[in-house]
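Participant: I need the structure of the sequence given here:
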Amino acid sequence: EKATEANKAFDGEWKPMVKMIKKWNETQGKPIKPSFLIEVMAMQILYPPFSGGYVYELKSFFATAFDRIGETWNDPAG
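Facilitator: Residues are numbered from 1 along each chain as shown. Just a heads-up that it's a prediction; the model follows:
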């Protein structure tokens, strides 16, 4: 439900961004486990509206994730 809300807030571009990040994670030996954690992180890192460019959104995600990697990422569904 929360992922659907995030996707709507990003004009349908949130899910493709998360899929790209998950693919990056897969090609890098899965440093983020479980992959669902990427969705949790994206909900807390990416803020709408969509900037119109995947490059800028992904850059923002990775820069913020790098700075906040030591945090506890709680499942928003509890």
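
Participant: helix or strand right after the host helix or strand of residue 15?
Facilitator: Per DSSP states H and E, residue 15 falls inside helix 14-27. Counting by DSSP H and E, the element after helix 14-27 in chain order, helix or strand, is helix 36-45.

Participant: List the buried residues in the helix or strand just after that following helix.
Facilitator: Sequence order places helix 54-68 as the next helix or strand after helix 36-45, per DSSP H and E. Neighbour counts over helix 54-68 (16 or more other Cβ atoms under 10 Å) mark 57, 61, 65 as buried. Any C-beta I mention is one placed from the backbone N, CA and C, and that applies to glycine too.

Participant: again with stretch 24-34
Facilitator: Neighbour-count burial for stretch 24-34 [16+ other Cβ under 10 Å]: 25, 32.

Participant: Now that stretch - C-alpha only, PDB.
Facilitator: The C-alpha coordinates for stretch 24-34 follow below in PDB (Å, rounded to 0.1, in the frame of the first residue of the first chain):
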ATOM      1  CA  TRP A  24      22.300  -2.600  -9.100                       C
ATOM      2  CA  ASN A  25      22.200  -4.400  -5.800                       C
ATOM      3  CA  GLU A  26      22.100  -7.700  -7.600                       C
ATOM      4  CA  THR A  27      25.000  -6.900  -9.800                       C
ATOM      5  CA  GLN A  28      27.100  -5.800  -6.800                       C
ATOM      6  CA  GLY A  29      26.800  -9.100  -4.900                       C
ATOM      7  CA  LYS A  30      23.700  -8.000  -2.900                       C
ATOM      8  CA  PRO A  31      25.300  -5.700  -0.300                       C
ATOM      9  CA  ILE A  32      21.700  -4.700   0.800                       C
ATOM     10  CA  LYS A  33      19.900  -7.700   2.200                       C
ATOM     11  CA  PRO A  34      17.000  -8.500   2.000                       C
END
